[in-house]
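In: sequence? don't have it. structure:
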């Protein structure tokens, strides 16, 4: 079940983001472990967690959030898609979000496919990443069909 993370969830989220299957996509070419404890306490950040899946959202300006999704291998597949849909519902219903942006390395084909399954539209490429977006209006329309 999706829930908003607090600083008490930092070890759980750190374990996900620092897993060998996730960290290379967050910090390519680096091997520095990350600690989200301070980021969780930043009012412009939102962390959601659902078992072995973590969502980080950064409010870049009013109504606009940038999302990153990290899932351990055991949680990938249909379960991850359901968790992502639950996460989008949470964000669009409980925040001022009107647009959610995503940026995925072009090489990460699985994540790019996952993004499309969540309803994101591709805006283009920049700096080796595919940039995508989902509006609240498009999410509402998509969620009515599910």
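Out: Okay, I see it. In this text the structure is predicted, and so the values were computed from the model without any measurement.
In: so what's the residue nearest to residue 122 when sequence neighbours are not counted up against?
Out: Nearest in space to residue 122, with sequence neighbours left out and distances taken as C-beta to C-beta, 6 or more residues apart in numbering, is residue 132 at 5.1 Å. Backbone N, C-alpha and C define where each C-beta goes, glycine included. Contacts for residue 132 (C-beta atoms under 8 Å, 6 or more residues apart in numbering) come out as 101-104, 115-116, 120-123.
In: in helices, which of those appear?
Out: The helices, defined by DSSP state H, take in 115-116 from these.
In: between the contacts of residue 132, which is closest to residue 24?
Out: Ranked by distance to residue 24 (C-beta to C-beta), the contacts of residue 132 are led by residue 104 at 13.3 Å.
In: and that closest one, what does it touch?
Out: Shown in contact with residue 104 (C-beta under 8 Å, 6+ apart): 111-112, 115, 129-130, 132.
In: all good on my end, thank you.
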